[in-house]
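>>> Fold the following, please.
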Amino acid sequence: MLSVMVSLVLATPSVQPHSWDSALANPHPRVLVFSKTAGFRHDSIPDGIAAIKKLGSERGFTVEATEDSTVFSDESLSHLDAVVFLSTTGDILNEAQQRAMEKFVTSGGGFVGVHAAADTEYDWPWYGELVGAWFRNHPAIQQAKILVEDHSHPSTCDLPDEWTRTDEWYNFRTSPRGKVRVLASMDETSYQGGNMNHDHPIMWCRKIGAGRMWYTNLGHRKETWQEQPFLDSLAEGIVWTCQAKRPDGAETPTWRQARGWELEGSAIVPHEAGLPLLSQRSYRGFLTHLEFQAQTGAQASLRIGDFTVRLTPGVPKGVAAPVETPCGALDWTRSGSLERSTQPPTRYAALPAGDWNTLDVLFRPQTGSTRDSEVGEVRLNGVVVQRNIQGPPTKAQPIGLVLDRGKAAFRNVWIKSLPQD
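You can find the predicted model right below:
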């Protein structure tokens with residue numbers, strides 16, 4: 001039986017000013033751009049710093065830039081949400097600074113690697129695991145075709161299946177596939193000099209302990225930092241890595257009615273369909289987060305009073321998704337759909353059966369003339385799949401998890417109560 005408080009490593013949702021700011025203790029994530037070089041130095045670094053600062057002002061994260069490695073201390077890093085290694089090269093941190101960086105990421109900080117971040121710290125094994133793959137060589141700068149493999153991530157959601165552009169394309173010492181979630185790869189038939197035997201990831205992400213990392217090989221040329229699709233992708237990658245910190249005031253719920261549920265490692269597992277797991281506390285306005293895993297054919301739900309958010313697995317790789325565009329319109333049965341919303345989910349973001357998905361649901365409590373205004377949204381794996389949710393619960397309700405059919409599991413559940421407007 002599940003009879004104890006579940007205390008797990010948690011993650012926060014991404015931030016957009018109109019909906020999420022007041023729900024988070026720190027509505028504007030703090031990002032450090034680090035561009036120290038001990039080898040080749042890219043002349044595009046100043047362009048990258050300026051572009052990321054502009055993205056921060058547009059997307060709601062604050063940006064500082066430095067090449068002073070002494071900022072890599074426990075104290076200095078504790079004030080940050082993510083660190084961007086912008087075309088760093090060579091050996092740039094000493095052992096104490098490396099330990100501080102490891103602690104920062106594994107305890108919930110974000111890491112973003114841009115271009116030559118993969119040409120950095122070859123004698124630091126942990127960094128090799130963090131960045132995913134080290135640089136080996138590259139052919140001449142030329143146009144090539146990028147194949148977007150995963151549209152369910154915020155950084156690739158709006159990219160085309162095939163993305164043709166010009167940059168400096170790295171060959172890596174090894175393919176990171178199998179260790180990371182590959183988001184995009186190179187079509188080696190589209191250019192000269194690719195030598196990774198047609199397994200050539202170019203953009204990827206993963207979780208590292210309680211933290212997150214995201215890497216892109218793009219960013220060599222000054223012109224790249226003027227290209228909006230690249231900038232949009234980078235901004236979403238940065239925000240996604242900032243999601244690994246739990247907001248102040250969020251609580252891990254204690255549960256009542258735990259019959260049929262068990263704690264297995266870090267996961268809460270239902271063993272019988274139809275028996276809800278209910279929070280002891282009731283909520284009206286809230287921001288709630290959880291991770292869920294659903295097997296093929298399974299369906300679970302997050303329930304808030306009369307509202308139900310469906311949780312189902314996504315389409316396996318190689319199977320056509322029922323979408324009109326890479327993130328296109330969906331019907332009401334898809335994962336992340338909220339019954340009684342004013343519209344069905346508009347994006348496809350669920351991961352395949354067996355993968356862990358993240359879900360964030362916001363209900364803002366309102367009263368009087370604003371009661372029926374648009375006050376909520378649903379995010380699945382960081383992607384906004386549903387907005388314009390009307391009418392939060394009219395009275396405080398417990399949060400409930402339920403297995404509808406098949407096999408599913410939950411973990412990293414937290415709830416932050418929001419004050420009434």
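
>>> alpha carbons only for contacts and neighbour counts from here, please
Will do.

>>> what's near enough to touch Glu168?
Shown in contact with Glu168 (Cα atoms under 8 Å, 6 or more residues apart in numbering): His138, Pro139, Ala140, Ile141, Gln142, Leu218, His220, Arg221.

>>> how many neighbours does Asp306 have?
Residues lying near Asp306 (other Cα atoms under 10 Å) number 10.

>>> Quick check: the gap between it and Glu102.
44 Å (Cα to Cα, to the nearest Å).

>>> Make sure Val385 is actually in contact with Val378.
Yes: counting by Cα atoms under 8 Å, Val378 is a contact partner of Val385 at 5.9 Å.

>>> Under a three-state scheme, what state does the residue nearest the centre of the chain occupy?
Central residue of the chain (Cα atoms, centre = their mean): Trp240, 3.6 Å from the mean position. Three-state call for Trp240 (DSSP: H, G, I helix; E, B strand; the rest coil): helix.

>>> any idea how far it lies from Val182?
15 Å.

>>> now Glu236, nearest residue through space, not along the chain?
In space, and not counting its chain neighbours, Glu236 is closest to Ser155: 4.8 Å by Cα to Cα, 6 or more residues apart in numbering.

>>> so where do the helices sit in the stretch 1-150 of the chain?
Applying DSSP state H, counting those that start in this stretch to the stretch 1-150 of the chain gives helices spanning 45-59, 74-77, 95-106, 125-131.

>>> Which positions in the first one come out as buried?
Right, the one you point to is helix 45-59. Judged by neighbour count using 16 or more other Cα atoms under 10 Å, the buried positions of helix 45-59 are Ile45, Asp47, Gly48, Ile49, Ile52, Lys53, Leu55, Gly56, Arg59.

>>> Counting by contacts, list what it packs against.
For helix 45-59, the packing partners by 3 or more Cα pairs under 8 Å, 6 or more residues apart in numbering; DSSP states H and E come out as strand 62-66, helix 228-241.

>>> From Tyr191, how far out is Trp240?
31 Å.

>>> wait, Ser301
Counting by Cα to Cα, the gap from Ser301 to Tyr191 is 46 Å.

>>> likewise Leu380?
Counting by Cα to Cα, the separation of Leu380 from Tyr191 is 35 Å.

>>> Same drill for these two, tell me which one is more crowded.
Leu380 (27 against 16).

>>> I'd assumed Ala350 was in contact with that one.
Yes: the criterion here is Cα under 8 Å, and Leu380 meets it with Ala350 at 6.7 Å.

>>> How many residues are close by Phe40?
Phe40 has 12 neighbouring residues, counting by other Cα under 10 Å.

>>> can you tell me how far it sits from Leu263?
Distance of Phe40 to Leu263, given as Cα to Cα: 51 Å.

>>> Also Ser233?
Using Cα to Cα, we find Ser233 at a distance of 37 Å from Leu263.
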